[in-house]
Every structure is written in structure tokens, then in C-alpha cells.
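Asks: when you get a sec, could you give me coordinates for this:
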Amino acid sequence: MVKDQARAMPMPTGSPVESGDQDPAIEEASEQEVAQARGVVLKIVDYIYSDGVADILQQISNGSAQKLGEVAGNLVTNEIALEEEDGNDIDRGIEIEIMAEIVHEIMDLAESKGVIDFANEQKEQAFAGEALTYAINAAVESNDPQVTEESLMNMLTGALGGVPQPQPAGGMLAPMEATDGN
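Replies: Residues are numbered from 1 along each chain as shown. Predicted structure coming up:
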């Protein structure tokens, strides 16, 4: 029996994000990439909530972001390898988004089973960010020749909407008396 998902999957659909702005990574995703990402995520989620529950919970039993991220990264890289063995060419530009979704799915599973508990949303977000870092590292360490540190940095830069440009300082300069204690 397959368990229902713990949270709705916010895969790229082109809908506005909560702030009302469009996510730059979603704007650049083609319909084919969105379909690929959904397909990969759904297969991994099916595994997580069917055959994988006991194994995953055992692997993340210490509740560390590192182990959770490594599990998520390995699940994603393995599923992409299986897809490509079946003749499906998966665009690596969507890999980080897939990893982020799988990190959240495993976090939801772990939280529902009492393996991890977050005191507040900030701690949960920090944990997710750290776990995603380990997931990305697991992908770099995989045998996938298309995934290198440079290719993942390009994907990450794309996912974040490009390299941030320095912003001019706002406000007014403080008078000298205010800055030197006189």
C-alpha cells in the first residue's frame, strides 16, 4: 500500500510563489523539464512511502542533516541513472530542484515518525538547507559524468536566478561625530 504524500509537491508549474514574484528557475523550465522533474520526483516518492520507509528511517535514525541529505542525493542520482538507462535523457538543470523536493519529503517522513523535531520554522529551513548541501555533495561524488562541481554550480546559479549583483547602499551617511564617538 502506498502512503499519500506528506505535503503537496510544489514542482515547477509556472504559478506565482508566495511572495507574488515568479521563481527564476521556474521561468526558465520548459514543459518537458517540468514533466521530467515531476516524473522523477513521483517515482522517488513512491519508493520512499512504499518499499523505502524502513530503510530510509534506519539510515537517518540519528536525525542528522548530513545523513538525510546524503540519502536524498543518492535517491535522486540513482533514479536519474535508471531513467537514462531506460532511454530518457534527464536535463541536469532540474536536478537541484528535484533534490530539494526529495529532501523535504524525507524531512516530512522523519518528522512524522519522530526522528526529527523542529522547534520553529527557522530551524527547519536551516536543516533543509544543510541537508540540500549534502545532497548536492552526494551527486558530485556519484559516478555520473554529467555532474561535476562546476556543472552543479551552474545549476545552482541558475536556480537562484543568476549571480547577485552588488546593490548600492541605501540611506544616508552618518555625520563624522556619530561615527568617531565625539
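
Asks: from here on, just use CA atoms for contacts and neighbour counts.
Replies: OK.

Asks: show me where pLDDT drops low in the chain?
Replies: Where the chain drops to pLDDT under 70, the residues are 1-29, 144-182.

Asks: run the last query once more with 50
Replies: 1-27, 163-169 (pLDDT under 50).

Asks: quick one: the helices in it?
Replies: 24-28, 31-49, 53-59, 65-85, 95-112, 121-140, 149-159, 176-179 (DSSP state H).

Asks: how about the ones you listed in JSON lines, adding mean neighbour count?
Replies: Shown next, in JSON lines, are the helices of the chain (neighbours: other Cα atoms under 10 Å):
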{"stretch": "helix 24-28", "mean neighbour count": "17"}
{"stretch": "helix 31-49", "mean neighbour count": "18"}
{"stretch": "helix 53-59", "mean neighbour count": "14"}
{"stretch": "helix 65-85", "mean neighbour count": "21"}
{"stretch": "helix 95-112", "mean neighbour count": "22"}
{"stretch": "helix 121-140", "mean neighbour count": "19"}
{"stretch": "helix 149-159", "mean neighbour count": "16"}
{"stretch": "helix 176-179", "mean neighbour count": "8"}
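
Asks: who touches residue 37 in this structure?
Replies: 11, 94, 95, 97, 98 (Cα atoms under 8 Å, 6 or more residues apart in numbering).

Asks: so which of the residues you listed is the closest to residue 77?
Replies: Set against residue 77, the nearest of the contacts of residue 37 by Cα to Cα is residue 95 (8.5 Å).

Asks: now the closest one: how far from residue 53?
Replies: Distance of residue 95 to residue 53, computed by Cα to Cα, to the nearest Å: 22 Å.

Asks: same question for residue 115.
Replies: Going from residue 115 to residue 53 by Cα to Cα gives 12 Å.

Asks: for residue 114, same thing?
Replies: Distance, residue 114 to residue 53, by Cα to Cα: 13 Å.

Asks: what of residue 109?
Replies: Counting by Cα to Cα - residue 109 and residue 53 are separated by 8 Å.

Asks: try residue 136
Replies: 22 Å.

Asks: cool, residue 103 as well?
Replies: 14 Å.

Asks: before we move on, what about residue 117?
Replies: 18 Å.

Asks: which pair in the contacts of residue 37 spans the largest distance?
Replies: By the measure Cα to Cα, 11 and 95 form the most distant pair in these, at 12.0 Å.

Asks: pull the CA atoms of stretch 98-108 into CSV?
Replies: Taking C-alpha atoms only, stretch 98-108 is exported to CSV below (Å, rounded to 0.1, in the frame of the first residue of the first chain):
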residue,chain,number,x,y,z
ILE,A,98,14.4,17.6,-7.5
MET,A,99,16.8,17.2,-4.7
ALA,A,100,15.2,20.0,-2.7
GLU,A,101,11.8,18.3,-3.1
ILE,A,102,13.1,14.9,-2.0
VAL,A,103,14.9,16.5,1.0
HIS,A,104,11.6,17.9,2.1
GLU,A,105,9.7,14.6,1.5
ILE,A,106,12.2,12.8,3.7
MET,A,107,12.1,15.5,6.3
ASP,A,108,8.3,15.2,6.4
